[in-house]
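>>> can't give you the sequence, but here's the structure:
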């Protein structure tokens, strides 16, 4: 067994600490970026009413990040009234692909934490990974094109060590036709502005309700305990 000199051991440990700090800093910056974009979107009426395609591009980050607490469909329908379906689709798929790269990076960071590594070896997680690995690319294509919740697959690809490039390719091939059909619908029927907030709320409630319910339950349990 080869024993490394103390200088090499210290150097390796220092490199590991620097790498860990760098990953943590990148993780914090990614979360801060998404929160900033989300706050700007929710707090600025002028941004929400803007027809600039850059707004559509940046909106893809909070609307496609992790669990995605804000829906992307109403915004796509809004921009589809002013731009061709192809233009809306191109901007949306580029923004979405970059957002999924962030998702992969964030989930990988969280998945590498010691507390979450234990979850990786739980029986039900291993069953999901095994099931996913039988046809990962096909599963991503179906999930990306259909309106089923996509966020579980964002974590699955990391747990299953699925390559990032293949993941982004699956995102591109599945989301592009879905976005185009959505943009074509908006371009054809020109959804009135007063209906878009209603659609926004309808699509937001199913995802936010479990979170709100969990918060209220924890507060109720805390009050009962006190």
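Good, I have the coordinates. Computed from a predicted model, the values in this text were never measured in an experiment. Numbering: from 1, shown residues only.

>>> please make it C-alpha for all contacts and neighbour counts, starting now.
Fine.

>>> ok, now which ones touch the one residue sitting closest to the centre of the chain?
A centroid search over the chain (Cα atoms, centre = their mean) returns residue 65, at 2.6 Å, as the residue closest to the centre. By Cα atoms under 8 Å, 6 or more residues apart in numbering, the residues touching residue 65 are 34, 99, 100, 102, 103.

>>> what about these, which are in helices?
Mapping the contacts of residue 65 onto helices (DSSP state H) picks out 34, 99, 100, 102, 103.

>>> dump those into CSV; add neighbour count as well.
Formatted as CSV, the ones in helices among the contacts of residue 65 follow (neighbours: other Cα atoms under 10 Å):
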residue, neighbour count
34, 21
99, 22
100, 22
102, 20
103, 22
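
>>> pick out the most distant pair among the residues you listed.
34 and 100 (12.3 Å; Cα to Cα).

>>> what pLDDT does the residue nearest to residue 40 when sequence neighbours are not counted get?
Spatial nearest neighbour of residue 40, excluding adjacent residues (Cα to Cα, 6 or more residues apart in numbering): residue 47 at 7.7 Å. Per-residue pLDDT puts residue 47 at 91.

>>> what kind of secondary structure is residue 47 in?
helix (DSSP: H, G, I helix; E, B strand; the rest coil).

>>> burial measure for it, as a count.
13 (other Cα atoms under 10 Å).

>>> wait, it touches residue 37, no?
No - the pair residue 47 and residue 37 does not pass the contact test of Cα atoms under 8 Å, sitting 10.7 Å apart.

>>> check which helix or strand covers residue 50.
Residue 50 is part of no helix or strand, with elements assigned from DSSP states H and E.

>>> give the burial count for it, as a bare number.
Count around residue 50 with other Cα under 10 Å applied: 13.

>>> give me the low-pLDDT residue ranges for the chain?
1-20, 114-121, 205-226 (pLDDT under 70).

>>> ok, for residue 96, nearest residue in space, not its chain neighbours?
Nearest non-adjacent residue to residue 96 (Cα to Cα, 6+ apart): residue 60, at 5.5 Å.

>>> that neighbour and residue 187, how far apart?
19 Å (Cα to Cα, to the nearest Å).

>>> who has more neighbours, the two?
residue 60 (28 against 21).

>>> mind listing what that one touches?
Residue 60 sits in contact with 72, 92, 95, 96, 99, where contact means Cα under 8 Å, 6+ apart.

>>> buried among those residues? Make that a ChimeraX selection.
In ChimeraX syntax, the buried subset of the contacts of residue 60 is picked out as below (16 or more other Cα atoms under 10 Å):
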select :72,92,95,96,99
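
>>> as JSON lines, the contacts of residue 60 with distance to residue 41 and secondary structure would be great.
Shown next, in JSON lines, are these (distance: Cα to Cα, whole Å; DSSP: H, G, I helix; E, B strand; the rest coil):
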{"residue": "72", "distance to residue 41": "12", "secondary structure": "coil"}
{"residue": "92", "distance to residue 41": "16", "secondary structure": "helix"}
{"residue": "95", "distance to residue 41": "15", "secondary structure": "helix"}
{"residue": "96", "distance to residue 41": "17", "secondary structure": "helix"}
{"residue": "99", "distance to residue 41": "16", "secondary structure": "helix"}
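
>>> now, which of the contacts of residue 60 sits nearest residue 174?
Nearest member of those to residue 174, counting by Cα to Cα, is residue 96, at 11.5 Å.

>>> surely that closest one is in contact with residue 61?
Yes - if you go by Cα under 8 Å, residue 96 and residue 61 touch, sitting 6.7 Å apart.

>>> which residues do these two both contact?
With Cα under 8 Å, 6+ apart, residue 96 and residue 61 have no common neighbours.
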